[in-house]
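K.L.:
fold the following.
(one chain, ligands or ions: 1)
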Amino acid sequence: MDFELTPKQAKWRDEVRRFLAENITNELREELWTTHVDEKGPELREIRRKIGERGWYGLNWPEEFGGLGLSPIEQQILIDEFENEGIAAFDLTVTSVAPMIMRYGTEKNKADWLPGIARGEVTCAVGYSEANAGTDLANLETRAELIDGQWIINGSKLWNSRAHRASHEWLCVRTDPSAPKHEGISVIIVPTDAAGVQIEPLVTWVDNRTNQTFFTDVRVPEENLIGEVNQGWSYITGALNLERGSIASAARLRVAFDALVDLCTRGQIDGVRLADDPLVRRRLAELDADLEIAKLLNLETASLLEEGEIPTIVSSEAKVFHSELRAKLADWGMQILGMYGQLDWHDEEAPLRGHLERLYREAPLVRFGGGTNEVLRDVIAQRGHGLPSYGRSRK
Ligand SMILES: Cc1cc2nc3c(=O)[nH]c(=O)nc-3n(C[C@H](O)[C@H](O)[C@H](O)COP(=O)(O)OP(=O)(O)OC[C@H]3O[C@@H](n4cnc5c(N)ncnc54)[C@H](O)[C@@H]3O)c2cc1C
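P.N.:
Residues are numbered from 1 along each chain as shown. Next up is the predicted model:
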């Protein structure tokens with residue numbers, strides 16, 4: 001199998017690299033590292049504006065929807081190049097919401113939402129989970145009723161990440177309480193500044209902000225419904241499959257690994273060169289091989305997308321493998337660095353500016369975000385191999 005980029009893809013990678021070389025300033029690097037993880041400042045906003053100006057948010061969409069007509073592989077190249085610089089190029093609005101609008105949305109939905117997403121002006125928080133609906137998402141209770149041409153929404157979403165800085169909610173609601181629970185669900189786009197939306201912060205272990213968002217008699221026009229009423233379950237599961245693929249980008253882990261190898265070979269801790277320890281060398285070699293597998297799983301996901309598939313099994317495999325590798329890299333890296341590995345980035349003596357310590361605290365979120373790894377293993381066994389489920393069912 002040939003893993004080299006085609007000349008067209010290599011040209012695209014070089015264009016992205018040129019953009020990054022011209023636009024990644026020392027101020028941006030500092031802002032990315034020191035600002036609250038979820039509250040980036042003016043430098044990041046500026047680079048996001050420039051990405052929107054180039055139409056790169058919609059780079060792999062058909063031109064008729066305001067995209068550039070490039071492929072998912074080119075999107076993956078861009079994601080990797082940005083992550084090499086420590087920046088997440090896209091959020092879920094681009095990688096999972098927009099593809100679902102293109103696939104299932106009405107012509108009006110496409111015209112209303114896609115151009116704004118391509119320019120980076122419409123950004124969505126993803127409102128699925130509730131107090132009693134996590135893994136068993138179809139238990140969700142947030143209600144929307146259609147009255148006089150408006151949806152009236154009541155309920156609340158838990159772990160509603162990005163709601164405080166997104167322009168809209170990609171909101172999953174119950175529209176037919178009398179239907180079987182998977183069949184009475186719809187997706188409605190709701191502006192976060194609509195009357196009756198109240199966003200309360202929840203701060204996580206890695207100082208990242210997520211939210212609980214309350215909806216009290218929130219009114220939105222009927223046409224904010226995506227696709228067809230009560231058909232939302234397939235839109236959500238499609239979006240979740242894409243979310244899993246995008247969670248799994250391995251480039252950022254490669255950057256952390258390369259820095260660790262560099263420190264082990266060139267640097268010393270308490271007068272000892274870490275790479276002289278055979279256990280350290282063995283662990284680095286194993287991590288290196290794992291990172292290569294993670295990268296290939298990303299490329300496999302992108303190539304299935306290129307063929308027009310929603311890659312349920314491969315994206316689940318990539319997400320499980322990548323999230324567990326993240327925890328392993330952070331854990332082993334901290335062990336290799338000894339007691340110094342536990343210092344966080346505020347401490348001047350923290351090796352690698354506390355990168356691995358932060359990665360360690362970030363790692364759990366990726367194991368359950370977008371569907372827990374226990375459940376995804378079930379999905380791989382059941383849908384990938386026809387094996388019986390150990391618990392999940394569609395009652
Ligand atoms: C920081 C953070 C950010 C988040 N961001 C968002 C967001 O932006 N939008 C959003 O909608 N949600 C978000 N979530 C929610 C996340 O998707 C859920 O936490 C996740 O889906 C698990 O649901 P739960 O927490 O209710 O756990 P539960 O579903 O209660 O699961 C608890 C444990 O039981 C296991 N389990 C449950 N059912 C089964 C089964 N049938 N078989 C085997 N094991 C099972 C799970 O694997 C898990 O280990 C976020 C969560 C956190 C903590």
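
K.L.:
for the rest of this, base every contact and every neighbour count on C-alpha atoms.
P.N.:
Fine.

K.L.:
for the stretch 251-395 of the chain, which spans come out with low pLDDT?
P.N.:
Along the stretch 251-395 of the chain, segments meeting pLDDT under 70 span 390-395.

K.L.:
residues from it in reach of the ligand?
P.N.:
365, 368-372, 374-375, 391-392 (CA under 6 Å from any ligand atom).

K.L.:
could I get the residues you listed as TSV with secondary structure and neighbour count?
P.N.:
TSV is the format used below for those (DSSP: H, G, I helix; E, B strand; the rest coil; neighbours: other CA atoms under 10 Å):
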residue	secondary structure	neighbour count
L365	helix	14
F368	helix	18
G369	coil	17
G370	coil	22
G371	coil	21
T372	coil	17
E374	helix	11
V375	helix	18
G391	coil	7
R392	coil	13
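
K.L.:
tell me which two of those sit farthest apart.
P.N.:
L365 and G391 (23.0 Å; CA to CA).

K.L.:
so N23 sits against R49, correct?
P.N.:
No - in terms of CA atoms under 8 Å, N23 does not count as a neighbour of R49; the distance is 11.6 Å.

K.L.:
any shared contact partners between those two?
P.N.:
Common neighbours of N23 and R49 (criterion: CA atoms under 8 Å, 6 or more residues apart in numbering): none identified.

K.L.:
tell me where this structure has helices.
P.N.:
All helices of the chain, identified by DSSP state H, fall at 7-23, 26-34, 42-53, 72-84, 92, 98-104, 107-118, 232-247, 251-266, 278-306, 312-336, 355-368, 373-379, 385.

K.L.:
now distance to A163 too, for those, in JSON lines please.
P.N.:
As requested, the helices of the chain are exported to JSON lines (distance: least, CA to CA, whole Å):
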{"stretch": "helix 7-23", "distance to A163": "27"}
{"stretch": "helix 26-34", "distance to A163": "20"}
{"stretch": "helix 42-53", "distance to A163": "16"}
{"stretch": "helix 72-84", "distance to A163": "23"}
{"stretch": "helix 92", "distance to A163": "12"}
{"stretch": "helix 98-104", "distance to A163": "17"}
{"stretch": "helix 107-118", "distance to A163": "16"}
{"stretch": "helix 232-247", "distance to A163": "17"}
{"stretch": "helix 251-266", "distance to A163": "24"}
{"stretch": "helix 278-306", "distance to A163": "27"}
{"stretch": "helix 312-336", "distance to A163": "23"}
{"stretch": "helix 355-368", "distance to A163": "17"}
{"stretch": "helix 373-379", "distance to A163": "24"}
{"stretch": "helix 385", "distance to A163": "37"}
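
K.L.:
and for the closest residue in space to G333 that isn't next to it in sequence, the neighbour number?
P.N.:
Leaving out its chain neighbours, the residue that sits closest to G333 by CA to CA, 6 or more residues apart in numbering is L356, at 6.5 Å. Counted with other CA atoms under 10 Å, the neighbours of L356 add up to 31.
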